[in-house]
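> Sequence below, structure please.
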Amino acid sequence: MISLQAPLNMTTQHLPTPSHGTASDDVLGYLLIFLSSVLVGIWAVKGTIALRNILLGVETVIAIIYCTRFFKTNTQKIPLKYWTPLILLGLMFCWVIFHYLFLSRFPEQQFHELISTWLRSGLAVIVAVGTGLAIAKRPNTINCLWIGILGSFGYLFYQYIPNALALKSLFVPLLDSISYIFYGKISAVLAGTILVAGLLGGVIDVTSRYNGRSSDEPKGATSFWKILMIATLWLIGTVIILYAYVFIFDTRNGIGLGVLIYGLGLLILSWRLFRALFLKGGIKKAFGFLLLIACSVGILGWFGMEQVKRNPGWSTMIEDSKTSVQIEKYPNWQNPQVKGYPQNAKGEEVKGNTYERLAWASAGVQIFLPENPLGIGVLKNPFATLLMQKYPNAGAYIPSSHSAWVEIALAFGYPGIFLLLASLLSITFLSLRSNSPFWATAGLLSLGLVMLYTVGEISSQHSVEILCFWVALMMALQWPRKLEIHTV
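Here you go, the predicted model:
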């Protein structure tokens, strides 16, 4: 329901003032967008840390210059509420430093993360703000970021196709003998979820700009051919991501997140269809929304059914989940390799993947977090560290709780999890009444990231950098300001 009210509450008080000039003098803006498209495309890819560091360093310098020029020339005051995500991120960085100085349990490891992960995360915030300001001048260039991510999946298919031909099967899941461009399944889900949410939000945004979002907003802000181009990008990108989820990575996380994100998107589209039919608009508008809804349901439904056929974990997920969260009754989670897995209400052994994820996350929230309310200060394996300290006979192989939010909470306690989660959710609330051309993108992407980091083991290194980047970028895209808008 978050985004459904957006079209009803729009005003033109802070809408950018269009201009028909060219953008040839904005070389730094174009350079930031291009370099950021490369950066987001390789961020979750193996063996790219050197290139990522170079890009972050170069872009930081460019972004500082770009932001300085912006604040010198922009005379419109940005209300405090639009700074909320950045303020919360800034407080998180302060809390990390304070924790190291006064609460550190593992000072060497924490210092290493401070000068690596957190330093890069800080640079990512600067880069994101500059990139957001550059994109805001030419809204359609946000698609360069999606194309950058799509490029990494293009290379993934370059690796996948020979394996599929060799095995004579479309279904080629990860094996010990097969290695793909991403760090396992979860990095692919990380990049793919961002792309799915971004593309869906982009389609909604661009149709909003074309049709007019309120009675006092001019129509025709975006041409039909640009809508067709972006819709084509959305269709291709969505099919590629869902195909990879089902036939390459066999990931329930990915499909489940896709269903949740599209559930939110379909609520928005259904409301716009209702408005077109009964409040304002007409048959042409209604047909466009109906076509988008039908395509979304059809694509997601087909891939969903294919995944259910191939992954038996779906059939008993509800029963397995009920058993998994009972960590006191079933202490198997401490060392499943030795103690085995419990039985669900049907008398069947729970699926290992479901049990471990839910049981470990439940233990993190119910046992370890209350015992460590300020966290242990390190992002690398805080759950495993606390598990071995409390239960010496636990499984040393256990890597994490499989939930980024649980891991971050164990690392930096209640203050840390509050600041990071609040920074994301503040983006969602800002999109409620935003007059930005990116209101749907920001709303869907922020909620998508909340859900993604709930079910994914993406709590360290590049995953934290990516999170900080997108929070800062979405914040900058929603700043109300009068800029020169270029059509590209």
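
> buried stuff in the least confident helix or strand in the chain by mean pLDDT?
Scoring the helices and strands of the chain by mean pLDDT, DSSP states H and E places helix 283-310 at the bottom, with a mean of 85. Buried residues in helix 283-310, counted by 16 or more other CB atoms under 10 Å: 285-286, 288-290, 292-293, 296, 299-300, 303-304, 306-307. Any C-beta I mention is one placed from the backbone N, CA and C, and that applies to glycine too.

> List the buried residues for stretch 144-163?
144-146, 148-153, 156, 160.

> Can you redo those as JSON lines, where the extra columns are secondary structure and distance to S37?
Output for the buried residues of stretch 144-163, formatted as JSON lines (DSSP: H, G, I helix; E, B strand; the rest coil; distance: CB to CB, whole Å):
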{"residue": "C144", "secondary structure": "helix", "distance to S37": "4"}
{"residue": "L145", "secondary structure": "helix", "distance to S37": "5"}
{"residue": "W146", "secondary structure": "helix", "distance to S37": "8"}
{"residue": "G148", "secondary structure": "helix", "distance to S37": "3"}
{"residue": "I149", "secondary structure": "helix", "distance to S37": "8"}
{"residue": "L150", "secondary structure": "helix", "distance to S37": "10"}
{"residue": "G151", "secondary structure": "helix", "distance to S37": "8"}
{"residue": "S152", "secondary structure": "helix", "distance to S37": "11"}
{"residue": "F153", "secondary structure": "helix", "distance to S37": "14"}
{"residue": "L156", "secondary structure": "helix", "distance to S37": "17"}
{"residue": "Y160", "secondary structure": "helix", "distance to S37": "23"}
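
> so which one among these has the lowest pLDDT?
When these are compared by pLDDT, Y160 scores lowest at 92.

> check contacts around it.
172, 180, 244, 248 (CB atoms under 8 Å, 6 or more residues apart in numbering).

> Could you pick out the buried ones from those?
Buried among these (16+ other CB under 10 Å): 172, 180, 244, 248.

> returning to what we had before: and the contacts of Y160 as a markdown table, adding secondary structure, distance to A136 and pLDDT?
Converted to a markdown table, these look like this (DSSP: H, G, I helix; E, B strand; the rest coil; distance: CB to CB, whole Å; pLDDT from 0 to 100):
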| residue | secondary structure | distance to A136 | pLDDT |
| --- | --- | --- | --- |
| V172 | coil | 41 | 83 |
| Y180 | coil | 35 | 88 |
| A244 | helix | 31 | 95 |
| I248 | helix | 35 | 92 |
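
> which regions of the stretch 151-300 of the chain sit below the pLDDT cut-off?
Regions of the stretch 151-300 of the chain meeting the criterion pLDDT under 70 cover residues 175-177, 209-223, 279-285.

> Try it again at 90.
Applying pLDDT under 90 to the stretch 151-300 of the chain flags the ranges 163, 166-180, 183-185, 204-228, 268-293.

> Just the helices from it, written as ranges.
Taking DSSP state H, counting those that start in this stretch as the test, the helices found in the stretch 151-300 of the chain are 184-211, 224-243, 252-274, 283-310.

> how big is the angle separating the first one from helix 224-243?
Between the axes of helix 184-211 and helix 224-243, defined by axes from the mean of the first three to the mean of the last three CA atoms, to 10 degrees, the angle is 160 degrees.

> Pull out the buried residues from helix 184-211.
Neighbour-count burial for helix 184-211 [16+ other CB under 10 Å]: 185-211.
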